[in-house]
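Trainee: No letters, just coordinates:
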Ligand SMILES: [Ca+2]
Ligand SMILES: [Ca+2]
């Protein structure tokens, strides 16, 4: 394709899409094996006993001090990560291996937003500060020195269902860069957030999320804080609510059912085709909504494929890990990435099961899309 939007797409979104699936290199089938091998660490066998009991801190602050819309997460010691066989991408079991090995972590207690940050909340921030998100800023020649001037246009990336069934090995088939798309126009320039006040804000990049958090007197969670909270004090569960995807036959999160990624393929068996307002499903044991699905959530850590391995090798319980000092994704070294967690309304067992609680996502830190948002935490 030669049109200018595709150029931006090519530059900005090869790894933007990795934010969707946390994995950029399943592009052609022959690469699946090569990448799989490249990602393959020495792994412990999958075994429930790798998870040792979560030990929550006993301290609980006075409930009068709990900020509105937040809950106290006690922190404590827990086993973090995922048995890689549990997750799949492109129906390949255990393909990414970046959430292994399971390792022991301690986090201090903190407050966490009960929901993903909504359009309504983000709008308050923008009104108060005049903040302009990255998707609303014209890409610069400095950032894209080889680009033609006419290709430097504002916009963001939108999931676009395919007309018919496609081979799932090329995600460019169902993502497009759409000029004029941003948090106020989440589905393209003609769309609005009117009536979507309680929907999660999307088309925000890491620095947008961090700016909001700072304004709100909060911060983005570390990856460890995010996972501790998502697990709700339980030990080694597959999901934020337990080990059964559909207890009593009921979905517990907004993910994707049906044929991915074709037009009208999402059956919405979980109640929603596409994105949903926040808090439409039961909260986890800590009172947190949508820790699985709806939108991916930025966390503060740089992404490194072997970070968990390096922590596990220390043999110690790691206290308040802040993420690696530098990003590292050997499969995509040119893209600077931070971690995303929780999966989105597009996650499906046909393609990506990153709604599983210990699994990870990643994305280029200045790239946005319509299934990526965030929530904040606040230290005591
Ligand atoms: Ca859904
Ligand atoms: Ca979420």
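Mentor: Thanks, I have it. Just so you know, these numbers come straight off a predicted model, no measurement behind them. Ligands and ions are numbered 1, 2, ... in the order given.
Trainee: where does this structure have low pLDDT?
Mentor: 1-49, 90-91, 94-96 (pLDDT under 70).
Trainee: Quick check: residues of it near ligand 2?
Mentor: Contact residues (Cβ under 5 Å from the ion) of the chain with ligand 2: 290, 294, 342. Heads up, the C-betas are built off the backbone N, CA and C, glycines and all.
Trainee: near ligand 1, which of those show up?
Mentor: Answer for these near ligand 1: none qualify (Cβ under 5 Å from the ion).
Trainee: Which of those sits closest to ligand 1?
Mentor: Closest approach between those and ligand 1, by Cβ to the ion: residue 294, at 8.4 Å.
Trainee: Tell me who's in contact with the closest one.
Mentor: Residues near residue 294 by Cβ atoms under 8 Å, 6 or more residues apart in numbering: 116, 200, 253, 254, 275, 276, 278, 342, 344, 345.
Trainee: again, 7 Å this time
Mentor: Residues in contact with residue 294 (Cβ atoms under 7 Å, 6 or more residues apart in numbering) are 116, 200, 254, 275, 276, 278, 344, 345.
Trainee: mind giving me a markdown table with those and columns for secondary structure?
Mentor: Shown next, in a markdown table, are the contacts of residue 294 (DSSP: H, G, I helix; E, B strand; the rest coil):
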| residue | secondary structure |
| --- | --- |
| 116 | coil |
| 200 | strand |
| 254 | strand |
| 275 | coil |
| 276 | coil |
| 278 | coil |
| 344 | coil |
| 345 | coil |
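Trainee: Name the member of the residues you listed with the most neighbours.
Mentor: residue 344 (33 neighbours; other Cβ atoms under 10 Å).
Trainee: ok, and the closest non-adjacent residue to that residue?
Mentor: Spatially, and ignoring its direct neighbours in sequence, residue 344 is nearest to residue 371 (3.9 Å; Cβ to Cβ, 6 or more residues apart in numbering).
Trainee: What segments of the stretch 201-350 of the chain are helices?
Mentor: All helices of the stretch 201-350 of the chain, identified by DSSP state H, counting those that start in this stretch, fall at 206-215, 223-231, 307-313.
Trainee: Check those for me and report the most buried one.
Mentor: helix 223-231 (a mean of 26; mean count of other Cβ atoms under 10 Å).
Trainee: Next one: residue 304 from ligand 2, what distance?
Mentor: Per Cβ to the ion, to the nearest Å, residue 304 is found 22 Å from ligand 2.
Trainee: same deal with residue 250?
Mentor: Applying Cβ to the ion to residue 250 and ligand 2 gives a distance of 18 Å.
Trainee: Run a quick neighbour tally on that residue.
Mentor: When neighbours are counted by other Cβ under 10 Å, residue 250 comes out with 13.
Trainee: got the contact list for it?
Mentor: If a contact means Cβ under 7 Å, 6+ apart, then residue 250 has no contacts.
Trainee: At the contact with ligand 1, which residues of this structure appear?
Mentor: So the chain meets ligand 1 at 254, 270, 272 (Cβ under 5 Å from the ion).
Trainee: Residue 115 - nearest residue in space that isn't next to it in sequence?
Mentor: residue 278 (3.8 Å).
Trainee: Straight-line length of stretch 291-302, end to end?
Mentor: 20 Å (Cα to Cα, to the nearest Å).
Trainee: try stretch 81-93
Mentor: Span of stretch 81-93 from end to end, Cα to Cα: 16 Å.
Trainee: buried set for that stretch?
Mentor: 81, 82, 83, 84, 86, 87, 88, 89, 90 (16 or more other Cβ atoms under 10 Å).
Trainee: Same list (the residues you listed) but as a markdown table, adding secondary structure and distance to residue 351.
Mentor: Putting the buried residues of stretch 81-93 into a markdown table (DSSP: H, G, I helix; E, B strand; the rest coil; distance: Cβ to Cβ, whole Å) gives the following:
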| residue | secondary structure | distance to residue 351 |
| --- | --- | --- |
| 81 | coil | 21 |
| 82 | coil | 17 |
| 83 | coil | 20 |
| 84 | helix | 17 |
| 86 | helix | 15 |
| 87 | coil | 11 |
| 88 | strand | 8 |
| 89 | strand | 7 |
| 90 | coil | 6 |
